[in-house]
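Q: Okay, sequence plus prediction incoming.
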Amino acid sequence: MIEDVAPLIWEILGNDKVTTREAGERLDHIFNYRCPDDLAKTLIKLRNAGMVRGEISMEMGGWIWWADDECRSKGAGEKK
């Protein structure tokens, strides 16, 4: 379930705005797991659920992702 993945994604995002590539590198570094295609799909699902934020950044050359307090509280509220 997407709610189970959200805390892991929040951990790799921290308090930063990162590109999809940077998020993948953090995922590999922190959890020793690399799967960029699945990560992109997961980030989109989390964005659609309001559990992360994402937008196109011309400066950074692609999508950037972050999680604010509202995202984190939404995920915590849905946890059963």
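A: That came through, no problem. Predicted model, so just to flag it, every value in this text is computed and none were measured.

Q: that's a strand at E55, yeah?
A: Yes - secondary structure assignment places E55 in a strand (DSSP: H, G, I helix; E, B strand; the rest coil).

Q: Can you report how many residues neighbour the closest residue to it other than its chain neighbours?
A: Excluding its sequence neighbours, the residue lying closest to E55 (C-beta to C-beta, 6 or more residues apart in numbering) is I64, at 6.2 Å. Quick note: C-beta positions are derived from backbone N, CA and C, even for glycine. Using other C-beta atoms under 10 Å, I64 is surrounded by 19 other residues.

Q: Report the secondary structure state of I64.
A: Three-state assignment for I64 (three-state DSSP): strand.

Q: show me what contacts it?
A: Residues near I64 by C-beta atoms under 8 Å, 6 or more residues apart in numbering: 17-19, 54-57.

Q: Could you dump the residues you listed into JSON lines and include pLDDT?
A: Below are the contacts of I64 laid out as JSON lines (pLDDT from 0 to 100):
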{"residue": "K17", "pLDDT": "96"}
{"residue": "V18", "pLDDT": "97"}
{"residue": "T19", "pLDDT": "96"}
{"residue": "G54", "pLDDT": "98"}
{"residue": "E55", "pLDDT": "97"}
{"residue": "I56", "pLDDT": "96"}
{"residue": "S57", "pLDDT": "95"}
